[in-house]
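Visitor: Structure of the sequence below:
(chains A and B)
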Amino acid sequence: MKARILVVDDDEALAEMIGIVLRNDGFEPVFCADGAQALDIFRSSRPDLVLLDLMLPGVDGIEVCRQVRAESDVPIVMLTAKADTSDVVRGLESGADDYVPKPFKPAELVARVRARLRPGDQKAPETLRIADITIDVAGHTVSRGSERISLTPLEFDLLVALARKPWQVFTRELLLEQVWGYRHAADTRLVNVHVQRLRSKIEQDPEAPEVVLTVRGVGYKAGA
Amino acid sequence: MVSATKQGPDPASSEGERRTGVPAQATPGEAADSEQRAVAQPDQEPQHHQTAQHHQAPEHTDAISPGFRKFAFRVRIWQRRAVIVSLRVARLVKTGILRFLPALRYVGRALQKRWRRSLQFRTVLTTLLLAVTSFAVVGAYLSNQIANNLFQERLTQAESETRYNVKQVQETFDGAQVTDQSSVITLVYDTLNAVEGRGSVIQRRYVFEAMPEQTKPRNRWVESRASDQLTVSVIPPELRKAVQESGKDQYWASTVIPVGTEDRPGIAVGNKVTFNGTVYELYLIYDLNTAQQTLDEIQSVLWAGGAVLVLLIGAVAWYVTRNVVSPVSHAAMVSEKLAAGQLQERMVVRGEDEVARLGASFNHMAASLQEQITQLATLSQMQQRFVSDVSHELRTPLTTVRMAAEVLYDARDDFDPINKRSAELLYNQVERFQSLLSDLLEISRFDAGVAVLDAEPEDILQVIAHVIEGASPVAAEYGSEIVLSAPAGAIVVDMDARRIDRILRNLILNAVEHGEGRPVTVTVAASESAVGIAVRDHGIGMEPAEAARVFDRFWRADPARARTTGGSGLGLSIAAEDTKLHNGWLQAWGRKGSGANFRLTLPLRQGEEIGNSPVQLEPEDNITTGEPGSVPREPDTRNILVLETGAARLAPVPTTKENP
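Guide: Numbering: from 1, shown residues only, chains lettered A, B, ... in the order given. Okay, here's the model as predicted:
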């Protein structure tokens, strides 16, 4: 079955071009040119992934991202003309999993889409623990005691990667490779922002983290 | 001092008309002084003409006017007083200074600072000092003059009264019937008591003393006597001598008379009287106390008035200078605010005087400044926004073009040769266009000041290894290798890894591009506060003057040179901006024929000073390359773009060399 991808972009030429590239690589693109209609089309088309331009007429991309994230865990990749820190971070904080700065190469776009769509590993029944957090890998659930914590797939993958090797310190590059699936340098800010989002959900006090610890100058590791 | 006046017809009657506010001598001290210094040598020759006065002093043999003598006498008194007062003040100041030295120093410094910084303070203080000085001079002169006049007046009165009284006494004595002792004694005593004055107030007192050497046998009945509390010792010896040795002349001297428990200044006027063939000295002594009191009162009024006057002058000076200075200091304050960027700041203008004109023209200046600055700022902002907007607007179509080019490029094998080459050219140039655009956008971000440092502690060796790894394929194309010379372990630096990556990639690719196939050396060393990375190539090199310009935008060493790697010409400018953002140094060194060396120095922790760069800018191997005609090695400062505070030194670099 072809993966369906919703492309939300007001520039018709670019949307068409993205469509050509995606079709070429065996995806089924669905288009939306208006932020206000994005949520309706998302509901009706039920895509496997959303490519979302940050600057949209009507409702702005950040808001669309927030709306989609509110009702679905579907991967969201942002397309942005502004690679400024503030914009990227704002996008990632509103729930996007990844971003691709314009102008991008077709191969780069496809690689990112594939990375987000890669079929979940065949997960053996496995239970991991970090600090007071319990992770059921097969059941895709995280809980503290009896309380369920809801995470996006990306956040879940990040937490599992750290929890599997609690003795290891992960550099940002290593996390990008293992969690996002990028072989070559993407932006390490991706890691920073997602770690912060993860912390805000699983830490008792995000200011004094106990589950995901920072190792100064190197990266992150799981808490004891 | 003794004055001799010829006894003549007395011009002043005194007995009945005692004047109030009788003038007098100055202070007791003065009186004592005059007593000590009274000149003993009166003129011996009989005087027969009016007011011929003769004085004999050792230093002045000529006749000197009495006014001058009095003046000289007073000058001496004032000198003495001044010496005493200054000695006391000196002692007081000495002990005071020792005790309060630190506080005094502090106050002194504060006053000095005030003096330097406040025109108003300076003016008021100067005015006060001048006022005090001039008032002291005028006051001293006035007080002296008044004292003189008082004394002179009193002296004249005393002389005429004495003349009259002595005449009366002599007439009484002459007409006395010398019969029996008791009546004679009564007569003499009554006469003398009458001299003291009528009524309850003693106007003058007397000392009646028989001359020690008599030409005739002495009258045994009449003894020497004096008013209450007085003895002959109150009469200065010089005066007695003068009276004794003269004929019938009258002399005077200042003296001190005991009244109750206190000593009072007085004048003693002496003459001789004869009773029954025996010659007596008769001295009349006038109390100068009332005159002294009057003088004291006048003086205190004078000084109090002076103090008030000085304060008033000070207040006036303060008010006047404040009126002038406060608009000036207001202007200074406003211009400081203007300079600090508060362009809307204006002076308050009141009235139409010079100060108001100053304020108005100042405001005019500020307004035109503000207008121009705002205009410039708007222009510059518009320009930056324009560049930024253009870059953004170009991105979306460029993305489409790029994707389309790539699709065509991927399918180029299906095209005929012409279309295939076109697809290749399109693809390559779109690439180049895109890198130019992104560099332009980056620069516009720096210009707009929106670039912020997103620093986190990270290992810079990892970043370097990563960059070298990425550059290796390019180096291989050029046939050169990249040699890393770095210490083992990790060097953790507060940095924005994305920017440091970009700087190093730029430096290393530049070195590879200009290295002419020779090895490129990357040297890393760290000190306690900084890390230094030197990227050295051995290519064609550049002139020092060129090294100074490599960070300029779109600058190329040789415009004719092929742009093989298609750099935007903004790479090093962006690197310099990125470095500046890290508070680091980016410096270039170059020699024609000896290659170039670029050094990046970063503080290990943001907010700390670098001090010295751990690696040397001018490479050590520059001497060994010593090609004929190469420039002799010398410290070269021309190519240092970022000012160094200390000399660079070569840090020990472990010999672990790895070849990526």
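Visitor: contacts and neighbour counts: CA atoms only from here.
Guide: Noted.
Visitor: Now residue 101. Its backbone dihedrals?
Guide: Going with chain A. phi -80, psi 140 (degrees, to the nearest 10).
Visitor: Point out where the chain drops to low pLDDT.
Guide: Using chain A. Within chain A, the ranges that satisfy pLDDT under 70 run A:1, A:82-86, A:119-125, A:183-186.
Visitor: nope, chain B please
Guide: B:1-67, B:198-202, B:214-221, B:388, B:557-567, B:620-660.
Visitor: tell me the domain ranges of it?
Guide: According to automatic domain parsing, chain B comprises the domains B:3-8+B:23-296, B:354-433, B:453-658.
Visitor: At which residues are the helices of chain B located?
Guide: In chain B, the segments counted as helices under DSSP state H are B:28-37, B:66-117, B:119-174, B:181-195, B:237-245, B:289-339, B:354-410, B:417-448, B:460-478, B:497-514, B:544-547, B:571-581, B:622-625.
Visitor: Show me what the second one is packed against.
Guide: Going back to what we said before, that points to helix B:66-117. Judged by 3 or more Cα pairs under 8 Å, 6 or more residues apart in numbering or on different chains; DSSP states H and E, the packing partners of helix B:66-117 are helix B:28-37, helix B:119-174.
Visitor: Looking at the ones you listed, which is nearest to B:Val512?
Guide: When the helices and strands packed on helix B:66-117 are compared by Cα to Cα, helix B:119-174 sits nearest B:Val512, at 65.7 Å.
Visitor: helices and strands around the closest one, which ones?
Guide: Counting by 3+ Cα pairs under 8 Å, 6+ apart, helix B:119-174 packs on helix B:66-117, helix B:181-195, strand B:262-275, strand B:278-287, helix B:289-339.
Visitor: Report how many residues lie close to the residue lying closest to A:Val137 once chain neighbours are set aside.
Guide: Closest residue to A:Val137 apart from its sequence neighbours, by Cα to Cα, 6 or more residues apart in numbering or on different chains: A:Glu126 at 5.5 Å. A count of nearby residues for A:Glu126, using other Cα atoms under 10 Å in any protein chain shown, gives 10.
Visitor: thinking A:Glu126 is in contact with A:His140, fair?
Guide: No - at 10.1 Å, A:Glu126 does not count as touching A:His140 under the criterion of Cα atoms under 8 Å.
Visitor: quick one, what contacts the closest residue to A:Lys105 other than its chain neighbours?
Guide: Of all residues not flanking A:Lys105 in the chain, B:Met403 sits nearest, at 6.1 Å (Cα to Cα, 6+ apart). For B:Met403, the contacting residues are A:Met17, A:Ile18, A:Val21, A:Phe104, A:Lys105, A:Pro106, by Cα atoms under 8 Å, 6 or more residues apart in numbering or on different chains.
Visitor: helix/strand/coil for A:Thr214?
Guide: strand (DSSP: H, G, I helix; E, B strand; the rest coil).
Visitor: so how many other residues sit close to it?
Guide: Considering only other Cα under 10 Å, A:Thr214 is surrounded by 17 other residues.
Visitor: swap in A:Asn24?
Guide: Per other Cα under 10 Å, the neighbour tally for A:Asn24 reads 11.
Visitor: For the residue of chain A found nearest chain B, list each beta-bridge partner.
Guide: The nearest approach of chain A to chain B comes at A:Gly217, 3.9 Å away (Cα to the nearest Cα). Beta-bridge pairing of A:Gly217 under DSSP bridges involves B:Glu458.
Visitor: you'd agree it is up against B:Leu461?
Guide: No - contact criterion Cα under 8 Å: A:Gly217 and B:Leu461 do not qualify, at 11.2 Å.
Visitor: any idea how far B:Gly470 is from chain A?
Guide: Distance, B:Gly470 to chain A, by Cα to the nearest Cα, to the nearest Å: 10 Å.
Visitor: OK, contacts around that residue?
Guide: Shown here is B:Gly470, which makes no contacts under the criterion Cα under 8 Å, 6+ apart.
Visitor: which non-adjacent residue is nearest the residue sitting nearest the centre point of chain A?
Guide: The centroid of chain A falls nearest to A:Asp97 when counting by Cα atoms, centre = their mean (1.7 Å). Leaving aside its chain neighbours, A:Asp97 sits nearest to A:Ile76 (5.5 Å; criterion: Cα to Cα, 6+ apart).
Visitor: and chain A, which residues reach chain B?
Guide: Taking Cα under 8 Å from any Cα of the partner chain, the part of chain A that reaches chain B is made up of A:11, A:13-14, A:17-18, A:21, A:81-82, A:102-106, A:187, A:216-218.
Visitor: domains in chain A, as residue ranges please.
Guide: For chain A, the structural domains run A:4-117, A:127-222, going by automatic domain parsing.
Visitor: Would you reformat those domains as a markdown table and include distance to B:Ala497?
Guide: Listed next are the domains of chain A as a markdown table, based on distance: least, Cα to Cα, whole Å:
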| stretch | distance to B:Ala497 |
| --- | --- |
| domain A:4-117 | 13 |
| domain A:127-222 | 9 |
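Visitor: Would you mind finding the most buried of those domains?
Guide: Mean neighbour count, computed with mean count of other Cα atoms under 10 Å in any protein chain shown, is highest for domain A:4-117 among the domains of chain A, reaching a mean of 19.
Visitor: one step back: make TSV from the helices and strands packed on helix B:66-117 and add distance to B:Ser480 and mean neighbour count to it.
Guide: Below are the helices and strands packed on helix B:66-117 laid out as TSV (distance: least, Cα to Cα, whole Å; neighbours: other Cα atoms under 10 Å in any protein chain shown):
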stretch	distance to B:Ser480	mean neighbour count
helix B:28-37	109	19
helix B:119-174	72	18
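Visitor: mind putting the ones you listed in CSV, distance to B:Glu577 included?
Guide: Compiled in CSV, the helices and strands packed on helix B:66-117 are given as follows (distance: least, Cα to Cα, whole Å):
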stretch, distance to B:Glu577
helix B:28-37, 87
helix B:119-174, 46
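Visitor: between those, which one is nearest to B:Arg350?
Guide: helix B:119-174 (20.8 Å).
Visitor: Going by proximity to chain A, name the top residue of chain B.
Guide: B:Glu458 (3.9 Å).
Visitor: That residue: neighbouring residues, count only.
Guide: B:Glu458 has 22 nearby residues by other Cα under 10 Å.
Visitor: can you check B:Ile491 too?
Guide: Neighbours of B:Ile491 under the rule other Cα under 10 Å: 22.
Visitor: what helix or strand is the closest residue to B:Ala404 other than its chain neighbours on?
Guide: Excluding the flanking residues, the one nearest B:Ala404 by Cα to Cα, 6+ apart is A:Met17, at 6.9 Å. Using DSSP states H and E, A:Met17 sits in helix A:12-24.
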